[in-house]
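Asks: below are the sequence and a predicted model; questions follow.
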Amino acid sequence: MKKKVGVIGAGIIGLYVASELKKKSFDVTVFEKQSIEKVGKKSCSTLVSKRIFDFIQIDDDLIENTIKRCLIKFKKKEVVLEFNPEHIVINRERFVLRMIKNAEFNIIFESNRTDFSEFDYVIGADGASSFLRHKLNLKNPGYRVGLKVESNVKDSNDTVKTFKTKNGFTWIIPKGNYTEYGVLEKKENIKDEWKKFNKKGSNLSFALVPQGLVLASSDKYAIVGDATGLTKPWSGGGIIWQLYEAKMLIENFPNFKKYNKEVRKFFLWKIIKGRISNKLIHFVGNHFSFLIPSYIKYDNDFPNFFKSLLNSKRKKPSS
């Protein structure tokens with residue numbers, strides 16, 4: 001008899017995990033609290049590196065723009081990060097709906113289910129405010145707040161612009177048929193920084209962005225994705241990191257103890273290093289910006305600070 005697996009959350013990570021476990025001949029059911037009309041509308045820029053192709057097929061019609069670099073504006077200097085690999089902007093809502101359409105497992109929408117006793121294993125891929133994390137009495141990972149709007153200004157530029165704030169940054173993302181403006185900050189600073197950014201648009205939305213790593217210690221339950229608080233300290237982006245984490249879960253399933261061990265081994269030092277680097281760059285950029293090269297080749301998923309400096313230049317190369 002096939003083992004029964006319940007996956008909570010029909011976002012990108014939950015659907016990916018469910019799909020891969022289905023391929024391994026498990027009996028998989030996904031539970032989603034939102035209706036199908038609302039699923040996929042998470043407040044997320046869905047700007048990800050092309051590493052996503054290592055995990056999921058993405059049709060060309062879902063890609064809104066290709067981003068090659070990021071321009072960081074400090075008080076007295078501009079720094080260009082040349083992304084390697086390049087990034088793409090994905091239409092998240094259509095992407096998730098496409099994954100749902102292609103699903104070969106059962107998905108139950110508008111589910112408020114709390115009892116999963118009939119399942120052999122339960123995976124929580126249910127976001128920053130994870131029900132399963134609370135059910136297991138796990139600590140919260142700590143949060144920043146993301147706030148964004150969309151402007152009808154068409155922009156197919158290949159450069160994202162960011163501006164440092166007190167404890168985060170603002171961004172401008174060209175998405176082809178429109179432009180996105182946003183702020184990532186601590187809760188207590190978000191209102192003031194948004195007011196200073198002073199960008200207008202429609203579809204105002206916000207989201208809690210977890211900042212930490214929390215894992216379950218159980219033979220039956222495991223959490224993955226935003227539920228574990230796994231996001232990059234310097235950007236808040238998490239899809240690529242979470243897909244790596246999801247792959248570890250799938251490869252070790254149902255050995256959750258080994259999964260937890262691999263996740264900690266792979267990510268803990270990256271999280272610590274990222275926090276230290278983020279604070280250091282923030283301080284140097286605001287006070288000693290002349291020390292930072294103007295042009296840096298940069299792996300935004302797994303940056304190597306010293307390697308980036310070796311590939312950097314004091315001036316942006318001519319195109």
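Replies: Arrived safely, thanks for sending. Residues are numbered from 1 along each chain as shown.
Asks: wait, what's in contact with R51?
Replies: Each residue near R51 by CB atoms under 8 Å, 6 or more residues apart in numbering is listed here: P85, I240, L243, D301. Just so you know, the C-beta spots here come from the backbone N, C-alpha and C atoms, and that holds for glycine as well.
Asks: make a markdown table out of those and add distance to K265 and pLDDT.
Replies: A markdown table is the format used below for these (distance: CB to CB, whole Å; pLDDT from 0 to 100):
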| residue | distance to K265 | pLDDT |
| --- | --- | --- |
| P85 | 24 | 96 |
| I240 | 18 | 98 |
| L243 | 17 | 98 |
| D301 | 17 | 96 |
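Asks: cross those residues against helices and list the overlap.
Replies: I240, L243 (DSSP state H).
Asks: got a markdown table for the contacts of R51, with distance to N102 and neighbour count too?
Replies: Shown next, in a markdown table, are those (distance: CB to CB, whole Å; neighbours: other CB atoms under 10 Å):
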| residue | distance to N102 | neighbour count |
| --- | --- | --- |
| P85 | 25 | 16 |
| I240 | 21 | 21 |
| L243 | 17 | 22 |
| D301 | 25 | 21 |
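Asks: now, which of the contacts of R51 sits nearest Y143?
Replies: Taking CB to CB as the measure, Y143 sits nearest to I240 out of those, at 20.1 Å.
Asks: ok, and the closest non-adjacent residue to the closest one?
Replies: Nearest non-adjacent residue to I240, counting by CB to CB, 6 or more residues apart in numbering: D301, 4.9 Å away.
Asks: residues contacting that neighbour?
Replies: Applying CB under 8 Å, 6+ apart to D301 gives the contacts S49, R51, K232, I240, W241.
Asks: and the furthest pair within those?
Replies: Every pair of the contacts of D301 checked by CB to CB; the farthest is R51 and K232, at 12.7 Å.
Asks: what's the closest non-adjacent residue to F169?
Replies: With CB to CB, 6+ apart as the criterion, F169 has its nearest non-adjacent residue at 4.9 Å, and that residue is T162.
Asks: what sits opposite the one you found in the beta ladder?
Replies: With DSSP bridges as the criterion, T162 is bridged to I72, W171.
Asks: thought it was touching W171?
Replies: Yes. Contact criterion CB atoms under 8 Å: T162 and W171 qualify, at 4.9 Å.
Asks: pLDDT check: weakest of the contacts of D301?
Replies: Note: of the contacts of D301, the lowest pLDDT belongs to K232, at 94.
Asks: pretty sure that one is touching W241, no?
Replies: Yes. Under the criterion of CB under 8 Å, K232 makes contact with W241 at 6.2 Å.
Asks: what are the ranges of the helices in the stretch 1-150 of the chain?
Replies: 12-23, 92-101, 131-135 (DSSP state H, counting those that start in this stretch).
Asks: give me the angle between the second one and helix 12-23.
Replies: Going by axes from the mean of the first three to the mean of the last three CA atoms, to 10 degrees, helix 92-101 is angled at 20 degrees with respect to helix 12-23.
Asks: quick one on the thing from earlier: quick check, nearest of the contacts of D301 to N152?
Replies: Comparing the contacts of D301 against N152 with CB to CB places S49 closest, at 27.2 Å.
Asks: next one: that closest one from I100, what distance?
Replies: Counting by CB to CB, to the nearest Å, the separation of S49 from I100 is 24 Å.
Asks: among those two, which residue is more densely surrounded?
Replies: Taking neighbours as other CB atoms under 10 Å, S49 and I100 compare with S49 leading, 21 against 17.
Asks: how far away is the more buried one from N286?
Replies: From S49 across to N286, the span is 27 Å (CB to CB).
Asks: now swap in L204 and tell me
Replies: L204 is 29 Å from N286, by CB to CB.
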